[in-house]
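Undergrad: Turn this into a structure:
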Amino acid sequence: MTTLEFLAAILGGGLINQLFTMLVNRRKNKLDQLAMIEKISADLRKELFDKYEERGKQITLLRRAIIKLTNLVDELLPRIKGLTFHETQKLKDCTLDTRLAGLAAEL
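TA: Sure thing, here's the model as predicted:
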């Protein structure tokens with residue numbers, strides 16, 4: 001490009017037009033990237049919330065099962081014949097630990 005052509009391009013708006021187009025395209029690309037990041041972020045938040053909600057339901061079911069089972073063991077323990085004092089105490093301790101773990105799972 002000769003000096004005369006360069007001056008003609010500047011005066012004709014070609015260079016300014018190209019600079020403006022380049023700046024607009026950069027801005028548009030950044031906005032597109034931000035929109036994509038926002039969508040990914042929203043999708044990730046939804047996925048995490050759904051998993052958290054599902055885990056909460058599973059924990060609730062497990063807690064109920066643990067509490068029912070430990071209550072049943074407590075109810076049946078006095079009826080079990082042939083256990084030594086040590087065995088009975090060990091079973092009571094285990095049942096208590098299990099019940100406490102089930103209750104702590106709620107927190």
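Undergrad: so the residue positioned nearest the centre of the chain is in which element?
TA: Centroid check for the chain by C-alpha atoms, centre = their mean gives residue 48 as the closest residue, at 2.7 Å. Per DSSP states H and E: residue 48 is located in helix 14-76.
Undergrad: which outside residues touch the helix or strand just after that helix?
TA: Once the chain leaves helix 14-76, the next helix or strand it forms, by DSSP H and E, is helix 85-104. Here helix 85-104 makes contact (C-beta atoms under 8 Å, 6 or more residues apart in numbering) with 62, 63, 66, 67, 69, 70, 73, 74, 77, 80, 83. Placement of C-beta: from N, CA and C, glycine included.
Undergrad: show me the contacts for the fifth one.
TA: The reference is to residue 69. residue 98.
Undergrad: so where's the protein shaky on pLDDT?
TA: Scanning the chain for pLDDT under 70 picks out the ranges 1-20, 22-23, 106-107.
Undergrad: repeat that for 90
TA: 1-36, 39, 56, 59-60, 62-64, 67, 78, 80, 83, 98-107 (pLDDT under 90).
Undergrad: most neighbours, which of the contacts of helix 85-104?
TA: Most neighbours among these, by other C-beta atoms under 10 Å: residue 70, with 20 neighbours.
Undergrad: what's the spacing between the nearest residue to it once chain neighbours are set aside and residue 68?
TA: Leaving out its chain neighbours, the residue that sits closest to residue 70 by C-beta to C-beta, 6 or more residues apart in numbering is residue 99, at 4.3 Å. From residue 99 over to residue 68 the distance is 10 Å, taken as C-beta to C-beta, to the nearest Å.
Undergrad: okay, those two: which has more neighbours?
TA: residue 99 (18 against 11).
Undergrad: What is the burial count for the closest residue to residue 67 other than its chain neighbours?
TA: Distances taken as C-beta to C-beta, 6+ apart put residue 102 closest to residue 67, at 5.5 Å, once the chain neighbours are dropped. A count of neighbours around residue 102, defined by other C-beta under 10 Å, yields 19.
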